[in-house]
Structure formats: structure tokens, C-alpha cells
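Q: Give me a 3D structure for the following:
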Amino acid sequence: MLRPTARLSASAAAARGNGLKPAPMALLPPIPLYRRLLRAHRKHLPLEMRVLGDGYVRSEFRAHRNVDNPAHLIGFLTEWQLYAQKIEGDGWKEEKIDPAKVEKMSDQQIGQLYELMMAIKKAREEGEDQEQ
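A: Numbering: from 1, shown residues only. Model prediction:
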């Protein structure tokens with residue numbers, strides 16, 4: 001009779017997570033993540049939102065191209081990977097931003113968020129005007 005060794009059992013349990021929190025996800029390197037984001041936009045977003053989202057992704061990845069701080073880079077990649085997962089599912093529609101994340105944002109990030117919100121509102125208004 002074959003019995004799994006303790007080492008194999010431990011590695012299988014670690015791969016599943018401990019049930020209390022999800023197993024950590026493997027971070028994609030920047031270029032594959034960038035491509036995944038553009039593919040997710042192409043597949044899951046309407047044209048006007050895709051154009052807006054693609055431009056934002058491009059500008060953010062360009063702005064963070066020369067980041068030297070590993071903690072900053074890991075945070076950047078983690079948030080974009082979570083965003084990609086949300087876009088690939090449909091749970092993101094009508095979702096609100098976590099207030100704890102807003103509290104951690106710098107003034108510049110809040111400014112960018114405001115600009116993004118205004119661009120979305122403008123795109124919606126233009127879409128409504130074209131329908132009438």
C-alpha cells in the first residue's frame with residue numbers, strides 16, 4: 001500500500017492554502033502583466049472604456065518603468081494583477097473603492113483617481129449625447 005510522505009502532504013496543503021486566507025498568488029513580471037491587462041481590456045470592456053483603460057495602463061507602466069524600490073514595485077504589480085483578475089471576471093461592475101486603500105493614497109494618486117473619474121463621466125455623457 002502506498003502512503004504519501006509527510007513532505008508531499010505538507011507541500012500539497014501549502015499549495016491549497018490553510019483555509020483561513022487564500023494561497024498567495026504568484027506575481028507576473030511587468031511585461032506579461034501589461035499584456036494581460038491589454039488583453040483583458042480588449043476582451044471585457046466596451047470600446048470607449050477600453051481606450052480610456054489602455055491609455056491609463058500605458059501611462060502608469062511607463063511612469064513606473066524605472067522604479068528601484070522593490071516594495072513599491074511589488075505593490076504596483078500586485079494591485080495591477082488584482083485589477084486584471086477583476087476585469088476578467090464581472091464582479092468589478094458597480095464596485096466601490098475600499099476606503100482603506102483611499103486612506104493610503106498619496107495626494108498625487110488621489111488627483112489621478114479624480115482625473116480618471118472625470119474622464120469616465122465625460123465619456124458617459126458623450127455616449128448619452130450620441131444616443132439622443
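Q: And the nearest residue to His64 once chain neighbours are set aside, how far from Glu48?
A: The shortest distance from His64 to any non-neighbouring residue, by C-beta to C-beta, 6 or more residues apart in numbering, is to Phe76 (5.4 Å). Placement of C-beta: from N, CA and C, glycine included. As for Phe76, its distance to Glu48 is 26 Å (criterion: C-beta to C-beta, to the nearest Å).
Q: And these two? Which one has more around it.
A: Neighbour totals were compared for Phe76 and Glu48, and Phe76 leads with 18 against 14 (other C-beta atoms under 10 Å).
Q: pLDDT (mean, whole number) over the one helix or strand the more buried one maps to?
A: Element membership of Phe76, judged by DSSP states H and E, is helix 70-88. For helix 70-88, mean pLDDT is 91.
Q: any chance you could map the helices in this structure?
A: Assigned by DSSP state H, the chain shows helices spanning 6-16, 30-44, 47-63, 70-88, 99-104, 107-131.
Q: tell me the mean pLDDT for the third one?
A: It stands for helix 47-63. 92.
Q: can you pull the contacts of the residue nearest the centre of the chain?
A: Nearest to the mean C-alpha position of the chain, by C-alpha atoms, centre = their mean, lies Tyr83 at 1.9 Å. Tyr83 makes contact with Leu37 under the criterion C-beta atoms under 8 Å, 6 or more residues apart in numbering.
Q: thought Leu28 was touching Leu77?
A: Yes. The pair formed by Leu28 and Leu77 meets the contact definition of C-beta atoms under 8 Å, at 7.0 Å.
Q: For the helix holding Phe76, buried residues please.
A: Going by neighbour count (16 or more other C-beta atoms under 10 Å), the buried part of helix 70-88 is 76-77, 80-81, 83-84, 87.
Q: Need those residues in a markdown table (columns: distance to Gly111).
A: Converted to a markdown table, the buried residues of helix 70-88 look like this (distance: C-beta to C-beta, whole Å):
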| residue | distance to Gly111 |
| --- | --- |
| Phe76 | 17 |
| Leu77 | 22 |
| Trp80 | 19 |
| Gln81 | 24 |
| Tyr83 | 19 |
| Ala84 | 24 |
| Ile87 | 23 |
